[in-house]
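Undergrad: Kindly return the folded structure for what I paste below:
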Amino acid sequence: MAGRPRCALVVRAPGAASSGLPGETPRCYTHVMAQTLDEAQVLHVARLSRLKLSPAEVKRYARQLSSILDYVAQLQEVDVTGLQPMAHPLPLHSVMREDEVRPALSLEQVLANAPAREEAFFAVPRVLDEDPGGG
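TA: A predicted model of the protein is given here:
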């Protein structure tokens, strides 16, 4: 992959069909033009996703998906020259404490909040029949 530019977004030009051949190189676009999806494209995506859509849903999704593509096109116009790519907007740090060996709790401490106990054990309601045959 040396020499191939890294793409923020890989898209196929409207109306372009994939050859379906392994190794087909997708085109890399650094600017995505706003595009309106028509109902045929929405139906195609629905078929690929194995979704059954009503005519009203097809129209609604065509509008909504077109709106999303318009917003992506708007985001592509932002100048990001000199900015480093990031996976998260805030610095990440572990919220887990370090593992450290501590003395074990005593039996009395363990059973202190038990709702019921029998000698050195938690007492719980029976969940299995006494008959091993289950009947």
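
Undergrad: Please make it C-alpha for all contacts and neighbour counts, starting now.
TA: OK.

Undergrad: tell me, which helix in this structure spans the most residues?
TA: helix 55-76 (DSSP state H).

Undergrad: which helices and strands sit right next to it?
TA: Helices and strands touching helix 55-76, as assessed by 3 or more CA pairs under 8 Å, 6 or more residues apart in numbering; DSSP states H and E, comprise helix 39-48.

Undergrad: contacting residues around the helix it packs on?
TA: 52, 53, 58, 59, 61, 62 (CA atoms under 8 Å, 6 or more residues apart in numbering).

Undergrad: so how far is that helix off the chain centroid?
TA: On the basis of CA atoms, centre = their mean, to the nearest Å, the separation between the geometric centre of helix 39-48 and that of its chain is 22 Å.

Undergrad: Now for the contacts of helix 39-48: which two are most distant?
TA: 52 and 62 (14.5 Å; CA to CA).

Undergrad: quick one: pLDDT of residue 95?
TA: If you check residue 95, the pLDDT there is 86.

Undergrad: And it, its phi and psi?
TA: Dihedral pair for residue 95: phi -100, psi 0, per degrees, to the nearest 10.

Undergrad: what sits against residue 121?
TA: Listed by CA under 8 Å, 6+ apart, the contact partners of residue 121 are residue 111.

Undergrad: who are the neighbours in contact with residue 125?
TA: Taking CA under 8 Å, 6+ apart as the definition, residue 125 has no contacts.

Undergrad: ok so it is a strand residue?
TA: No - using DSSP: H, G, I helix; E, B strand; the rest coil, the assignment for residue 125 is coil, not a strand.

Undergrad: Check the gap between it and residue 65 for me.
TA: 54 Å (CA to CA, to the nearest Å).

Undergrad: What number of residues are in the vicinity of residue 92?
TA: By other CA atoms under 10 Å, the residues close to residue 92 number 8.

Undergrad: swap that for residue 86, sorry
TA: Residue 86: 8 surrounding residues under other CA under 10 Å.

Undergrad: and residue 113, how far is that from residue 123?
TA: From residue 113 to residue 123 the distance is 12 Å (CA to CA).

Undergrad: on that earlier part again, buried residues, the longest helix of the chain. List them.
TA: By neighbour count with 16 or more other CA atoms under 10 Å, helix 55-76 contains the buried residues 58-59, 61-63, 65-67, 69-70, 72-73, 76.
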